[in-house]
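> Got a predicted structure plus its sequence, pasted below:
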Amino acid sequence: MEQYAIKGGNPLVGDVEIGGAKNAALPILAASAMTDETVYIENMPDVRDTKVLLDAMQSIGVMIKSTGRHSVILNAGNINSLTVDSEGIKKIRASYYLLGALLGKYKHAEVALPGGCDIGCRAIDQHIKGFRALGADVSIRHGLIRATAERLTGSHIYMDVVSVGATINVMMAAAMAEGMTIIENAAKEPHVVDLANFLNSMGANIKGAGTDVIRIKGVSRLHGTEYTIIPDQIEAGTFMFAAAVTKGDVTVKNVIPKHLESITAKLREIGCEVEEADDCIRVVASKPLRHTQVKTLPYPGFPTDMQPQITVALAMSRGTSIVTESIFENRFKYVDELTRMGANIKVEGNTAIIDGVEKYTGASISAPDLRAGAALVIAALAAEGDTIMDAIKYIERGYEDFHVKLQGLGAQIEVVQTEKDFQKFKLKTG
């Protein structure tokens, strides 16, 4: 079983290149099945989730050809099944994006219920509500969500809660419905905007993405396109906080600073220097970190996917900080692992009360989910001594070459297979 071996204590210094956004790539891949023509996608992140989705699409007849590590050609002109039930697809949340895409084009889809990280309830009630508003009959049987319609017609849909997944799914289905659809209380995340731009490049008529009201005028067909996925704001934010926690100096390149404003604001608040340019951000942590309060919120608020990373930073900050998680109810599972490393955190419901400590110490830990796993790696890089981390498969779901990029910044981190490998690593790193 693969593990990370980490020796802490080195400030991270240098430049790191940010890849394509996983959370944009997944719905864009699904939406490419909505045309019979060829689609070319660039800046595709080479992570486990995108591979699982591509395999699932291939299993229903989508022609997929990789033209490089980060570029792919897709043609869905010969889809032979509208049931997506491969074993792998059950493990990722993005499985449900194929529902909106296939329902929009073919007026029928059956997709395995979504999985992904165990960070709390990922209700699909808003997806179902949206599909039904467009005229689909939706049911759940034998672990599959089934949506079918004789025709889809535009509708006025108010989302009861801001849901990225439901906004994306309904937007895809509505793109090929008859008439006008209005989604109110829509999610405003950058990857919602990226999907709308992708669909528009295929001939869709979507206006208002990035605001809380999206207007979609249905079209009868979509055509092929060439498209480049936006940079990953969460990968960028993770490296920004890695600089803060390790008292480093890191420049993240190939980013859209506008997407990172809530992260940048908190870094400045806790005492980091942040310099912005057109497509890069430099974070310098030369002073002791200060305490603060943070609450996760839908975009443009502080992202839930950055909550573990800021908690790791605040647990090494002076004073008492409070982190409130308002999106997922089960997102503090990593706190037990961080406590093994010396953190002083008390969780009450959806709130973590954090008393800062001077340092972390290395320990044997396990990644409970994707973002918490990355956050724990950051903690280990700042810790005194050696850390061994299990379950790194979670991190590989959403971070490409994570340990390699960290090595490029001076981190002492390696993938090991056995206890003997770990002992060799400890000897080598002294």
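Ah, there it is.
> Pairing partners for Lys253 in the sheet, please.
Bridge pairing for Lys253 (DSSP bridges) gives the partners Glu17, Cys280.
> OK, contacts around it?
By CB atoms under 8 Å, 6 or more residues apart in numbering, Lys253 lies in contact with 15-18, 279-280. C-beta: built from backbone N, CA, C; applies to glycine.
> Which pair of these spans the longest distance?
Spanning the widest gap among these are Val16 and Asp279, at 13.1 Å by CB to CB.
> mind listing the helices for the stretch 151-300 of the chain?
Secondary structure of the stretch 151-300 of the chain (DSSP state H, counting those that start in this stretch): helices at 164-175, 190-201, 233-245, 261-269.
> Val16 and Asp279: which is more packed in?
Val16 (22 against 13; other CB atoms under 10 Å).
> related to what we said a few turns ago, what about the helices of the stretch 151-300 of the chain, which gets the closest to Val323?
helix 261-269 (10.6 Å).
> by contact count, what packs against that closest one?
Helix 261-269 is packed against helix 233-245, strand 273-276, with contacts defined by 3 or more CB pairs under 8 Å, 6 or more residues apart in numbering; DSSP states H and E.
> Export the contacts of Lys253 as a markdown table, with columns for pLDDT and distance to Ile413.
Output for the contacts of Lys253, formatted as a markdown table (pLDDT from 0 to 100; distance: CB to CB, whole Å):
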| residue | pLDDT | distance to Ile413 |
| --- | --- | --- |
| Asp15 | 98 | 18 |
| Val16 | 98 | 14 |
| Glu17 | 98 | 17 |
| Ile18 | 98 | 18 |
| Asp279 | 97 | 27 |
| Cys280 | 98 | 23 |
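> I'd like the helices of the stretch 151-300 of the chain as CSV, with mean pLDDT and distance to Asp49 appended.
CSV is the format used below for the helices of the stretch 151-300 of the chain (pLDDT from 0 to 100; distance: least, CB to CB, whole Å):
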stretch, mean pLDDT, distance to Asp49
helix 164-175, 97, 14
helix 190-201, 98, 13
helix 233-245, 98, 13
helix 261-269, 98, 22
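> Mind checking the ones you listed for the one nearest to Pro308?
helix 233-245 (9.3 Å).
> where does the chain dip in pLDDT?
115-122 (pLDDT under 70).
> switch the cut-off to 90
The model of the chain has pLDDT under 90 over residues 1, 85-96, 112-124, 141-144, 328-331, 430.
> next one: stretch 314-334 to chain centre, how far?
19 Å (CA atoms, centre = their mean, to the nearest Å).
> and that stretch, how far apart are its ends?
14 Å (CA to CA, to the nearest Å).
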